[in-house]
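Asks: Here is my input, please return the structure:
(one chain, ligands or ions: 1)
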Amino acid sequence: MFDDVAPKYDVVNDVLSMGQTRRWRRIVVEAMDVKAGQRVLDLAAGTGTSSEPYADAGIDVIACDFSLGMLKVGKRRRPDIDFIAGDATRLPFADNTFDASTISFGLRNVNEPKKALAEMLRVTKPGGRLVIAEFSQPVVPLWRTMYTEYLMRALPAIAVKVSSNPDAYVYLAESIRAWPDQDHLAAWLQEAGWESVSYRNLSGGIVAVHRAQKPTAPAAGPAAGAAALANHTGPVAKLRRNITRPER
Ligand SMILES: C[S@@+](CC[C@H](N)C(=O)[O-])C[C@H]1O[C@@H](n2cnc3c(N)ncnc32)[C@H](O)[C@@H]1O
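Replies: Alright, predicted model coming up:
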């Protein structure tokens, strides 16, 4: 499916998000807070649009994706970026390779997203950061209703006009509705062994940007994360109070 949408992927995104994707991407890069000379994994990088700001800033970014169609379009556009074919659930990198890892609008597409979170933990250096941008749940009920209408009715209709594979956008709408909300994704991150988990809602929660850090102590890992989570009383409510940050 990703091979089919690759040629017009970026244009269609701009149309369907009404130009919002550029702002969302800028906020992800700020959250990564990486410097020239550092090595970054951009997982599920697709055509490399999410990798470009790092390359432009002199950061050693690896754009990894399992769709050869997406990688080919990306390499043609940005021959200076390292595009590597790889599955998020079995990453072709050694432990502790990257200063920071990120995945934009890709985790929802991975068949086993929890495995991808564990793999990103493995390949990130101790103390390194993870930033995830993903579609999420609008927090205000009226906004949520309007957005759901857009997703289920308007978006597939627009996609018929602008995309070569409109069915992919029906899948997009359905996968967004089926995806866990902000707190549940935060809980998955903790279960996988990430710590200092926080998130920020963008466009009223249409997108959430989650941030986390790999523990510096070697003992911490998936089991430690699960144990920490089990110690929460009312994890979701408590997490929401502790980690939601106001939208800028
Ligand atoms: C919506 S695109 C996002 C691309 C890019 N990160 C962006 O922000 O534009 C989702 C990408 O996830 C990739 N993907 C899905 N499952 C994957 C997996 N298991 N391993 C690697 N990439 C995967 C797809 O090939 C696709 O390119």
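Asks: Count residues in the vicinity of Ser163, would you?
Replies: Number of residues near Ser163 (other Cβ atoms under 10 Å) recorded here: 23. Glycine gets a C-beta too; all of them are placed from N, C-alpha and C.
Asks: Could I get the pLDDT score of it?
Replies: Looking at Ser163, its pLDDT is 70.
Asks: Please give the number of neighbouring residues around the residue in the chain that the ligand sits nearest to.
Replies: Nearest residue of the chain to the ligand (Cβ to the nearest ligand atom) works out as Gly46 at 2.7 Å. Gly46 has 27 neighbouring residues, counting by other Cβ under 10 Å.
Asks: Now it, what are its backbone angles?
Replies: Gly46 adopts backbone torsions of phi 60, psi -120, taken as degrees, to the nearest 10.
Asks: Tell me the confidence at the closest residue to it other than its chain neighbours?
Replies: Nearest residue to Gly46 in three dimensions, chain neighbours excluded: Met70, at 4.4 Å (Cβ to Cβ, 6 or more residues apart in numbering). pLDDT for Met70: 92.
Asks: check which helix or strand covers Met70.
Replies: Counting by DSSP states H and E, the element that carries Met70 is helix 68-77.
Asks: for that helix, packing partners?
Replies: Under the contact definition 3 or more Cβ pairs under 8 Å, 6 or more residues apart in numbering; DSSP states H and E, helix 68-77 sits against helix 2-5, strand 60-65, strand 82-85.
Asks: Does the residue of the chain closest to the ligand touch Phe66 like I think?
Replies: No. With contact defined as Cβ atoms under 8 Å, Gly46 does not reach Phe66; the gap is 10.3 Å.
Asks: returning to what we had before: okay if I get the helices and strands packed on helix 68-77 as JSON lines plus mean pLDDT?
Replies: Converted to JSON lines, the helices and strands packed on helix 68-77 look like this (pLDDT from 0 to 100):
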{"stretch": "helix 2-5", "mean pLDDT": "61"}
{"stretch": "strand 60-65", "mean pLDDT": "98"}
{"stretch": "strand 82-85", "mean pLDDT": "98"}
